[in-house]
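1. below are the sequence and a predicted model for it; my questions follow.
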Amino acid sequence: MLLREVEPSDLPVFFEHQADPEAVRMAAFPSRDRPAFDAHWARVLADGTVVARTILAGGRVAGNIVCFGPPEAREIGYWIGRAFWGRGIATGAVAAFLEVVPHRPLFGHVARHNAVSIRVLEKCGFRAVSEPPAGHGMDEIVLRMG
(Lines give C-alpha, C1' and ligand atoms only; values in the text may rest on other atoms or scores of the structure.)
Protein backbone atom coordinates (compact mmCIF):
# COMPACT_ATOMS: atom_id res chain seq x y z
CA MET A 1 0.00 0.00 0.00
CA LEU A 2 1.31 3.41 -0.98
CA LEU A 3 0.00 6.98 -0.91
CA ARG A 4 0.82 9.50 -3.62
CA GLU A 5 -0.46 12.80 -4.94
CA VAL A 6 -3.74 12.58 -6.88
CA GLU A 7 -3.22 12.52 -10.64
CA PRO A 8 -5.88 13.33 -13.27
CA SER A 9 -5.82 9.71 -14.46
CA ASP A 10 -7.00 8.61 -10.97
CA LEU A 11 -10.30 10.44 -11.22
CA PRO A 12 -12.12 7.97 -13.52
CA VAL A 13 -11.25 5.19 -11.05
CA PHE A 14 -12.47 7.30 -8.12
CA PHE A 15 -15.69 7.92 -10.05
CA GLU A 16 -16.29 4.19 -10.49
CA HIS A 17 -15.56 3.53 -6.81
CA GLN A 18 -18.11 6.10 -5.62
CA ALA A 19 -20.71 4.84 -8.11
CA ASP A 20 -20.70 1.29 -6.64
CA PRO A 21 -24.13 0.78 -4.99
CA GLU A 22 -22.73 -1.41 -2.19
CA ALA A 23 -20.04 1.15 -1.37
CA VAL A 24 -22.68 3.89 -1.35
CA ARG A 25 -24.79 1.83 1.08
CA MET A 26 -21.81 1.26 3.38
CA ALA A 27 -20.74 4.90 3.34
CA ALA A 28 -24.32 6.20 3.56
CA PHE A 29 -23.19 8.89 1.16
CA PRO A 30 -24.86 9.32 -2.24
CA SER A 31 -22.84 8.89 -5.39
CA ARG A 32 -22.47 11.85 -7.72
CA ASP A 33 -23.19 11.94 -11.42
CA ARG A 34 -20.18 12.67 -13.60
CA PRO A 35 -20.57 16.48 -13.81
CA ALA A 36 -21.09 16.78 -10.04
CA PHE A 37 -18.19 14.40 -9.38
CA ASP A 38 -15.87 16.36 -11.68
CA ALA A 39 -16.88 19.66 -10.07
CA HIS A 40 -16.33 18.23 -6.58
CA TRP A 41 -12.83 16.97 -7.38
CA ALA A 42 -11.95 20.22 -9.15
CA ARG A 43 -12.80 22.05 -5.91
CA VAL A 44 -10.89 19.52 -3.79
CA LEU A 45 -7.75 19.73 -5.89
CA ALA A 46 -7.89 23.54 -6.13
CA ASP A 47 -8.27 24.04 -2.37
CA GLY A 48 -4.85 24.55 -0.83
CA THR A 49 -6.16 23.61 2.61
CA VAL A 50 -7.20 20.12 1.49
CA VAL A 51 -4.71 17.28 1.60
CA ALA A 52 -5.69 14.58 -0.93
CA ARG A 53 -3.87 11.38 -1.77
CA THR A 54 -4.43 8.41 -4.01
CA ILE A 55 -4.18 5.02 -2.34
CA LEU A 56 -2.28 2.45 -4.40
CA ALA A 57 -2.28 -1.29 -3.77
CA GLY A 58 -0.27 -3.60 -5.97
CA GLY A 59 0.32 -0.68 -8.32
CA ARG A 60 -3.42 -0.15 -8.84
CA VAL A 61 -5.59 2.75 -7.68
CA ALA A 62 -7.38 1.34 -4.63
CA GLY A 63 -9.02 4.56 -3.45
CA ASN A 64 -8.46 8.01 -2.08
CA ILE A 65 -8.03 9.70 1.26
CA VAL A 66 -8.49 13.37 2.13
CA CYS A 67 -8.23 15.82 5.02
CA PHE A 68 -10.44 18.90 4.88
CA GLY A 69 -12.32 21.47 6.91
CA PRO A 70 -11.57 24.36 9.24
CA PRO A 71 -8.54 24.12 11.56
CA GLU A 72 -10.65 23.45 14.66
CA ALA A 73 -12.64 20.66 12.99
CA ARG A 74 -10.41 19.02 10.35
CA GLU A 75 -11.89 15.79 9.02
CA ILE A 76 -10.50 12.70 7.41
CA GLY A 77 -12.39 10.88 4.69
CA TYR A 78 -11.52 7.93 2.51
CA TRP A 79 -13.08 5.74 -0.13
CA ILE A 80 -11.76 2.30 -1.01
CA GLY A 81 -12.86 0.45 -4.14
CA ARG A 82 -14.79 -2.72 -3.32
CA ALA A 83 -12.24 -4.93 -5.09
CA PHE A 84 -9.78 -3.87 -2.36
CA TRP A 85 -12.00 -4.41 0.69
CA GLY A 86 -10.93 -6.83 3.40
CA ARG A 87 -7.18 -6.55 2.81
CA GLY A 88 -6.21 -4.00 5.46
CA ILE A 89 -5.71 -1.32 2.83
CA ALA A 90 -7.96 1.24 4.55
CA THR A 91 -6.19 0.76 7.88
CA GLY A 92 -2.78 1.04 6.22
CA ALA A 93 -3.83 4.10 4.27
CA VAL A 94 -5.21 5.91 7.33
CA ALA A 95 -2.09 5.08 9.36
CA ALA A 96 0.20 6.35 6.59
CA PHE A 97 -1.96 9.44 6.02
CA LEU A 98 -1.74 10.37 9.71
CA GLU A 99 2.01 10.74 9.14
CA VAL A 100 1.33 13.12 6.23
CA VAL A 101 -1.28 15.14 8.14
CA PRO A 102 0.00 15.90 11.64
CA HIS A 103 -2.92 18.27 12.42
CA ARG A 104 -4.85 17.39 15.56
CA PRO A 105 -7.57 17.11 16.51
CA LEU A 106 -8.77 15.20 13.49
CA PHE A 107 -12.31 13.89 13.15
CA GLY A 108 -13.95 11.07 11.22
CA HIS A 109 -17.68 10.82 10.56
CA VAL A 110 -18.81 7.25 9.91
CA ALA A 111 -22.24 5.76 9.23
CA ARG A 112 -23.36 3.91 12.35
CA HIS A 113 -23.84 0.66 10.40
CA ASN A 114 -20.32 0.78 8.89
CA ALA A 115 -18.58 -1.22 11.63
CA VAL A 116 -15.58 -1.90 9.39
CA SER A 117 -14.83 1.79 8.87
CA ILE A 118 -15.35 2.52 12.56
CA ARG A 119 -12.85 -0.23 13.36
CA VAL A 120 -10.34 1.15 10.83
CA LEU A 121 -10.33 4.52 12.59
CA GLU A 122 -10.20 2.92 16.04
CA LYS A 123 -7.17 0.82 15.04
CA CYS A 124 -5.47 4.07 14.02
CA GLY A 125 -6.12 5.78 17.36
CA PHE A 126 -9.45 7.51 16.85
CA ARG A 127 -12.03 7.29 19.65
CA ALA A 128 -15.79 7.81 19.49
CA VAL A 129 -16.81 11.21 20.85
CA SER A 130 -20.47 11.30 19.90
CA GLU A 131 -23.14 8.99 18.71
CA PRO A 132 -26.44 10.65 17.81
CA PRO A 133 -29.48 8.69 18.97
CA ALA A 134 -30.90 6.25 16.42
CA GLY A 135 -33.74 7.69 14.37
CA HIS A 136 -32.73 11.33 14.79
CA GLY A 137 -31.65 11.97 11.21
CA MET A 138 -27.90 11.89 11.81
CA ASP A 139 -27.15 8.17 11.74
CA GLU A 140 -23.40 8.52 12.20
CA ILE A 141 -20.70 8.18 14.80
CA VAL A 142 -18.06 10.90 15.18
CA LEU A 143 -14.57 9.76 16.07
CA ARG A 144 -11.67 11.98 17.15
CA MET A 145 -7.92 11.71 17.24
CA GLY A 146 -5.83 14.05 19.38
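-> Cool, the structure landed. Numbering: from 1, shown residues only.

2. I'd like the distance between the residue nearest to Ala27 when sequence neighbours are not counted and Pro21.
-> Beyond its immediate neighbours in the sequence, the residue positioned closest to Ala27 (Cβ to Cβ, 6 or more residues apart in numbering) is Ala111, lying 6.3 Å away. For every residue, glycine as well, the C-beta is placed using N, CA and C. For Ala111, the distance to Pro21 equals 15 Å [Cβ to Cβ, to the nearest Å].

3. those two - which one has more neighbours?
-> Higher neighbour count among Ala111 and Pro21: Ala111, with 16 against 9, using other Cβ atoms under 10 Å.

4. need the pLDDT of that one.
-> We note a pLDDT of 94 for Ala111 in this prediction.

5. helix or strand with the lowest mean pLDDT in this protein?
-> Lowest by mean pLDDT, DSSP states H and E among the helices and strands of the chain is strand 127-130, with a mean of 91.

6. quick one: name whatever helix or strand follows that one.
-> Sequence order places strand 140-145 as the next helix or strand after strand 127-130, per DSSP states H and E.

7. can you give me the helices for this protein?
-> For the chain, the helices defined by DSSP state H occupy 11-19, 21-27, 34-46, 89-100, 115-123.

8. dump the residue contacts of the residue positioned nearest the centre of the chain.
-> Ranked by distance to the mean C-alpha position of the chain (Cα atoms, centre = their mean), the top residue is Tyr78 at 1.3 Å. Shown in contact with Tyr78 (Cβ atoms under 8 Å, 6 or more residues apart in numbering): 55, 63-66, 90, 93-94, 97.

9. hmm, back to that, what residues does the least confident helix or strand of the chain touch?
-> Outside strand 127-130, the residues that touch it by Cβ under 8 Å, 6+ apart are 107, 118, 141-145.

10. okay if I get those residues as CSV plus pLDDT, distance to Pro70 and neighbour count?
-> Formatted as CSV, these follow (pLDDT from 0 to 100; distance: Cβ to Cβ, whole Å; neighbours: other Cβ atoms under 10 Å):
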residue, pLDDT, distance to Pro70, neighbour count
Phe107, 96, 11, 20
Ile118, 97, 24, 19
Ile141, 94, 21, 21
Val142, 95, 15, 16
Leu143, 97, 18, 24
Arg144, 96, 15, 17
Met145, 96, 16, 19
